[in-house]
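*Asks:* Based on what follows, work out the 3D shape:
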Amino acid sequence: MEVAAQPKAAPKKIAIGLGLIVAFATLIFTVPPAFGMELHPMIQVAALILVSVYIVLSFELLHRSSIALIGAIAIIIAALTFGSLQAEESFDFIVSAIDYNTIGLLLGMMIIVAILAESGVFQWVAIKMSKASRGDLWKLMLMLCSFTAVTSMFIDNVTTVLLMIPVTVAVFRTFRISPLPFILAQALASNVGGASTLIGDPPNIIIGSAANIDFNAFIIHMGPTIGVSFVASLFLLKFMFRNDLKAQAQNLEQLMKEDEGVYLKDKSVLKKSLGVLIGVVTLFVVHGSLHIEPSIIALGGAGVLLTITRASPERVFREVDWPTLIFFTGLFIIVGTAEHSGMIDLLSSAALGITGGDPWLSFLMIIWLSAIASAFVDNIPFTATMIPLIHTLNGSPEIAIAFGDMQISPLWWALSLGANLGGNGTLIGSSAGIVAAGISEKHGHPISFNRWIRVGFPFMIMTVAIGTVILTIDILLRI
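*Replies:* Residues are numbered from 1 along each chain as shown. Now for the predicted structure:
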């Protein structure tokens, strides 16, 4: 079997990345003693490994699945070396650290979407919308972004972008117009739309599993906030791309004559896939009362769809994003070991020291810390790191008193809002953004870091600010 080589990082990026790791190592091992703090060596090593993983991910020095596995091995070895973990307990600890509900949910949905994609429905939708726009680029952007955002609510946004961007490139090749504004707009819209549901964005899947939050709760609490933020984001996109939207579409008559029906390769597979997807989403809505984990529903739906469509498992499994699942697995081990070492407790104490335990200050701090951090660090590992921190913060007496009457702590919604929308800030902030840029470059339209940040960062600041206001009002009305 031929193994694809990972792209090599530029020497300059490697030098900067290593320099940052050395700088952080110096700070981690010298600053606490300078202030009279005696930290256990395992806490310092765990912090260094976690920071190193973030830096390597941010600079794309290695594939993220590779760095997650290396980081997991390194932190387990450190835990064994410093006595934080006993060798005979290590296997059971690793097994318990992995969140199988998240892994199962992602795997099940990946299989369902892989079969659905074979029907050609996404290509059909894109051509249909392009014809409906009749060359009006703003109308087309509006339709593409709305479809991408809504689809990202029920199919994770990485998969949505993976399926939609190639079709967008093909449409604009016909129009003889650069697709970059539309690729950027769809990637940004996918992160906004995906923030509203349990399964729309990987950070939400992690939050939902860790905090036992069901599908309905996400829709009820995040839906209004994301709805208002998305409507506002459309006006932001129109303003940001106002010059690009003035371009004249070419070959419109050629597109209007095209039969979009030819893209629907198998209507039987389409009907069965949509039926199963609707059934799975329906069960997501009621899974709280059924006490069935979302992963069981997703994997069950995948099994049913594989059976009724008689799809080749070998072909379908090749479409599953195994590197992402491996990345999640390694990441859970890293964060679980860091928490076991006491590093998360130390961070939570520092956070309470900064906010003085004030509930609303903590709420705002989590939103904006998550947003800014997620712009420069992939929001998946950041969210995984924040989970145990928020569990600790929710145990604070001041926060427990302020939000105790609410079934779900607002700090979870603050993390969801900040991590999901914050990922739009830079090219490396979200998985959907990284995938969109990769596909765009593959088709001859590279998106530079600077090009993305000129649009994404102000877009992120505005949508997070609007979301903060709406979410705060929503929580005040519920208290």
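*Asks:* so where do the helices sit in the stretch 251-400 of the chain?
*Replies:* 252-257, 267-290, 294-309, 313-318, 322-341, 343-355, 359-376, 379-394, 397-403 (DSSP state H, counting those that start in this stretch).
*Asks:* and the fourth one, how far from the chain's centre?
*Replies:* It stands for helix 313-318. Here helix 313-318 is found 24 Å from its chain centre; the criterion is CA atoms, centre = their mean, to the nearest Å.
*Asks:* quick one: buried residues of that helix?
*Replies:* Val316 (16 or more other CB atoms under 10 Å). Heads up, the C-betas are built off the backbone N, CA and C, glycines and all.
*Asks:* what's the answer for the second one, then?
*Replies:* Applying a neighbour-count criterion of 16+ other CB under 10 Å, one finds Val269, Leu270, Lys272, Ser273, Val276, Leu277, Val280, Val281, Leu283, Phe284, His287 buried in helix 267-290.
*Asks:* distance of the fifth one from Leu198?
*Replies:* I take that to be Val276. 18 Å (CB to CB, to the nearest Å).
*Asks:* Over to Ala217?
*Replies:* Using CB to CB, one gets 8 Å for the distance from Ala217 to Leu198.
*Asks:* check contacts around the nearest residue to Ile43 once chain neighbours are set aside.
*Replies:* Once flanking residues are discounted, Ile43 sits nearest to Met343: 4.8 Å by CB to CB, 6 or more residues apart in numbering. By CB atoms under 8 Å, 6 or more residues apart in numbering, the contact set of Met343 is Ile43, Ala46, Ala47, Leu50.
*Asks:* And the third one, which helix or strand is it part of?
*Replies:* With secondary structure defined by DSSP states H and E, Ala47 is part of helix 41-58.
*Asks:* Buried ones in that helix, by neighbour count?
*Replies:* By 16+ other CB under 10 Å, the buried positions in helix 41-58 come out as 42-58.
*Asks:* Return the set of buried residues in stretch 161-176.
*Replies:* Of the residues in stretch 161-176, 161-169, 171-172, 174-175 count as buried by neighbour count, 16+ other CB under 10 Å.
*Asks:* SS state for the residue lying closest to Leu252 once chain neighbours are set aside?
*Replies:* In space, Leu252 comes closest to Gly135 once its chain neighbours are excluded; the distance is 4.7 Å by CB to CB, 6+ apart. Following DSSP: H, G, I helix; E, B strand; the rest coil, Gly135 is assigned to coil.
*Asks:* So what does Gly135 look like in phi/psi?
*Replies:* Torsion angles at Gly135 (phi, psi; degrees, to the nearest 10) stand at phi 90, psi 0.
*Asks:* I'd assumed Ala249 was in contact with it.
*Replies:* Yes. At 4.0 Å, Gly135 and Ala249 qualify as touching, with contact defined as CB atoms under 8 Å.
*Asks:* what residues do those two have in common as contacts?
*Replies:* Phe175.
*Asks:* ok, now how distant is Leu255 from Ala249?
*Replies:* Relative to Ala249, and taking CB to CB, Leu255 is found at 8 Å.
*Asks:* which neighbours do the two share?
*Replies:* With CB under 8 Å, 6+ apart as the test, Leu255 and Ala249 both reach Phe175.
*Asks:* Just give me the least confident of the contacts of Met343.
*Replies:* Here the lowest pLDDT out of these sits on Leu50, with 87.
*Asks:* Please name the residues that touch that one.
*Replies:* Neighbouring residues of Leu50 by CB under 8 Å, 6+ apart: Gly71, Ile75, Ile334, Val335, Ala338, Met343, Thr385.
*Asks:* Helix, strand or coil: sort out the second one for me.
*Replies:* Remark: Ile75 carries the secondary structure label helix [criterion: three-state DSSP].
*Asks:* so it makes contact with Ala47?
*Replies:* No. Shown here, Ile75 and Ala47 do not form a contact pair, counting by CB under 8 Å, at 10.4 Å.
*Asks:* residues shared between the contacts of these two?
*Replies:* Common neighbours of Ile75 and Ala47 (CB under 8 Å, 6+ apart) are Ala338.
*Asks:* and Ala217 and Leu198? which has more neighbours close in?
*Replies:* Comparing Ala217 with Leu198 by other CB atoms under 10 Å, the one with more neighbours is Leu198, at 25 against 18.
*Asks:* Pull the contacting residues for that one.
*Replies:* Here Leu198 is in contact with Asn204, Ile205, Gly208, Ile213, Asp214, Phe215, Phe218, Phe284, Pro294 (criterion: CB under 8 Å, 6+ apart).
*Asks:* looking at it, the third one is touching Asn216, isn't it?
*Replies:* Which is Gly208. No. Look at Gly208 against Asn216 with CB under 8 Å: they stay out of range, at 11.0 Å.
*Asks:* Now do stretch 364-384: distance to the chain's middle.
*Replies:* Counting by CA atoms, centre = their mean, stretch 364-384 comes out at 11 Å from the chain centroid.
*Asks:* Surely Asn379 touches Asn424?
*Replies:* No. The criterion here is CB under 8 Å, and Asn379 misses it with Asn424 at 9.6 Å.
*Asks:* Pull up the overlap in contacts between these two.
*Replies:* Contact criterion CB under 8 Å, 6+ apart; residues bridging Asn379 and Asn424 by contacting each: Ser430.
*Asks:* what's downstream of the helix or strand hosting Ser90, the next helix or strand?
*Replies:* For Ser90, the host element (DSSP H and E) is helix 90-97. Using DSSP H and E, the next helix or strand after helix 90-97 towards the C-terminus is helix 100-117.
*Asks:* Go ahead and name everything in contact with that following helix.
*Replies:* The contact list for helix 100-117, computed with CB under 8 Å, 6+ apart, reads 155-156, 159, 163, 199, 202, 205-206, 209, 269-270, 273-274, 276-277, 280, 293-302, 305-306, 309, 311, 316-317, 319-321, 324-325, 328-329, 332.
*Asks:* and those, which are buried?
*Replies:* 155-156, 159, 163, 199, 202, 205-206, 209, 269-270, 273, 276-277, 280, 293-302, 305-306, 309, 311, 316, 319-321, 324-325, 328-329, 332.
*Asks:* How about the helix or strand bottoming out on mean pLDDT in the chain, which residues are buried there?
*Replies:* For the chain, scoring each helix and strand by mean pLDDT, DSSP states H and E identifies helix 343-355 as the least confident one, at a mean of 77. Neighbour counts using 16+ other CB under 10 Å place Met343, Ile344, Leu346, Leu347, Ser348, Ala351, Leu352, Thr355 of helix 343-355 among the buried residues.
*Asks:* swap in stretch 352-372?
*Replies:* Under the neighbour-count criterion of 16+ other CB under 10 Å, stretch 352-372 has 352, 355, 357-359, 362-372 buried.
*Asks:* where does the chain dip in pLDDT?
*Replies:* 1-9 (pLDDT under 70).
*Asks:* Got the domain ranges for it?
*Replies:* If you go by automatic domain parsing, the domain ranges for the chain are 8-97, 101-200+216-318.
*Asks:* Could you export these to CSV, including columns for distance to Ile479?
*Replies:* Conversion of these to CSV gives the following (distance: least, CB to CB, whole Å):
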stretch, distance to Ile479
domain 8-97, 34
domain 101-200+216-318, 13
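*Asks:* Can you tell me which of those is most buried?
*Replies:* Counting by mean count of other CB atoms under 10 Å, domain 101-200+216-318 has the highest mean neighbour count of the domains of the chain, with a mean of 19.
*Asks:* counting contacts, what elements does the helix or strand where Leu69 lies pack onto?
*Replies:* Under the criterion of DSSP H and E, Leu69 resides in helix 64-81. Counting contacts by 3 or more CB pairs under 8 Å, 6 or more residues apart in numbering; DSSP states H and E, helix 64-81 is packed against helix 41-58, helix 90-97, helix 322-341.
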